[in-house]
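Chemist: no sequence on this one, just coordinates:
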């Protein structure tokens, strides 16, 4: 009797290898897609980078107009919509009048791309790449301060901490928090 030379893989071995490779590919690809999706989600902390990336070749004043009700933001340049972004965070806009008083800002209704809504906040970027200062409060009563240089978003537990920070940093141009007051 002659022994058969078994140098080839069996069908079972090949199937096991294919299944293992498929599982590894699925896990790696799924993590890559999730990371990319997470990094593209607009939030208060990546807004400046997003705006600067999107507007690098645009001239003039640009605005990010966000609506809590619609759960989206519109990126506008010279009144023209450049982009529409999902934005699921809920914010109210405030401004500081004088040295210590924080007031809620109510924007007038707007119509953008056939949508009528009242913005929850508007962040403007000027030609010199500075931003309008902005004070926001979220649904968990955390306060956020975005300066015109917008290096970091400052986060506070209450409005008193916010006002104290602004006073200490000497960020007291009149009516901080919105430019047209």
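Modeler: It's in. Source: prediction; values computed, not measured. Numbering: from 1, shown residues only.

Chemist: which stretches of the protein have low pLDDT?
Modeler: The model of the chain has pLDDT under 70 over residues 1-6, 31-40, 150, 170-181.

Chemist: 50 - rerun?
Modeler: Of all residues in the chain, those with pLDDT under 50 make up the ranges 1, 35-39, 172, 174-175, 178-181.

Chemist: and the strands in it?
Modeler: With DSSP state E applied, the chain shows strands at 62-67, 72-77, 80-86, 91-97, 101-105, 110-112, 115-117, 121-125, 134-138, 143-146, 154-156, listed in chain order.

Chemist: who touches the first one?
Modeler: What that stands for is strand 62-67. By Cβ atoms under 8 Å, 6 or more residues apart in numbering, the list of residues contacting strand 62-67 from outside reads 47, 51, 55, 72-78, 82, 87, 91, 110, 112, 115, 117-125. No exception for glycine: its C-beta is placed from N, CA and C like everyone else's.

Chemist: and the last one, by the same measure?
Modeler: Identification of contacts with strand 154-156 by Cβ under 8 Å, 6+ apart yields 142-147, 162, 165.

Chemist: out of these, who's nearest residue 15?
Modeler: Minimum distance to residue 15 across these is 53.2 Å, recorded for residue 142 (Cβ to Cβ).

Chemist: neighbours of residue 103, how many?
Modeler: Burial of residue 103 is recorded as 15 neighbouring residues (other Cβ atoms under 10 Å).
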